[in-house]
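Chemist: A predicted structure for the sequence below; I have some questions about it.
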Amino acid sequence: MIVAEVEPIGGFVGTSISEPLLQAGILLSVLAYIVHLDKWMAAAAFALFVPQLVFVPLIQSAINRRAGARVWVLRQLGVSTVEARAGSAERDRSDGKRIDRVLQLNMGIFKLKFSMNFLMNFCSQVQVVAALLIGGWMVHTDQLEVGGVVAFISAVGRLNDPWGDLVNYLEI
């Protein structure tokens, strides 16, 4: 019985350390590859990646605050349910307000999560467009080959997976 309990906990602890390290390593490797391809295009990609480094932690902290408030309200609702007096109209009104508050908090969390997802997808697609524009100009002026642009677009596309996994790891 002890082994059945310890194994999932050990797996959780192991992946809680190894997963973010793996994804951060992949992210850094892709970033190094992008710099190796072309420094100017890498600078453009980084400039379009920096807003994500700003808004993701801000939105995530707002999500975490709302989730903490939701847990607190649900605990208060549980306490009032346990301590309920039969037929108390005042308790029913306060419980109704608490349930409405939980719904408001849940909707706020969903709005923030979907907004963050939209902004992350938007930024990653703008990176591809910028790579096409800057790369096309560099190909036109014979500063870069078409294969370099294709490789750069592929590398920029590979930034999304480890970055998304790291963001998901930080979510509640």
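Modeler: Structure's in. What do you need? Numbers count the residues shown, from 1 in each chain.
Chemist: pLDDT weak spots in the protein?
Modeler: For the chain, residues meeting the criterion pLDDT under 70 lie at 1, 3-4, 84-92, 171-172.
Chemist: give me that answer again for 80
Modeler: When the per-residue scores of the chain are filtered using pLDDT under 80, the ranges that remain are 1-16, 81-95, 167-172.
Chemist: Sketch out the helices for it, chain order is fine.
Modeler: Taking DSSP state H as the criterion, the chain contains helices spanning 2-37, 39-82, 89-140, 146-170.
Chemist: Including mean neighbour count, could those go into CSV?
Modeler: Glycine gets a C-beta too; all of them are placed from N, C-alpha and C. Conversion of the helices of the chain to CSV gives the following (neighbours: other C-beta atoms under 10 Å):
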stretch, mean neighbour count
helix 2-37, 12
helix 39-82, 15
helix 89-140, 15
helix 146-170, 17
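Chemist: Apart from its chain neighbours, what residue comes closest to residue 59?
Modeler: residue 116 (4.4 Å; C-beta to C-beta, 6 or more residues apart in numbering).
Chemist: should've said residue 157
Modeler: Among residues not flanking residue 157 along the chain, residue 128 sits closest, at 6.9 Å (C-beta to C-beta, 6+ apart).
Chemist: dump the residue contacts of the one you found.
Modeler: With contacts defined as C-beta atoms under 8 Å, 6 or more residues apart in numbering, residue 128 is in contact with 153, 156-157.
Chemist: Return the distance of it relative to residue 76.
Modeler: When C-beta to C-beta, to the nearest Å is the yardstick, residue 128 and residue 76 sit 47 Å from each other.
Chemist: For stretch 48-55, which outside residues touch it?
Modeler: Contacts of stretch 48-55 (C-beta under 8 Å, 6+ apart): 116, 119-120, 123, 126-127, 130, 159, 163.
Chemist: again, only using 7 Å
Modeler: The set of residues that contact stretch 48-55 without belonging to it, under C-beta atoms under 7 Å, 6 or more residues apart in numbering, is 119-120, 123, 126-127, 130.
Chemist: Looking at those, which is nearest residue 46?
Modeler: When the contacts of stretch 48-55 are ranked by distance to residue 46 (C-beta to C-beta), residue 127 comes first, at 9.5 Å.
Chemist: any idea how far residue 27 is from that closest one?
Modeler: Note on residue 127: its distance to residue 27, by C-beta to C-beta, is 14 Å.
Chemist: can you check residue 138 too?
Modeler: 25 Å.
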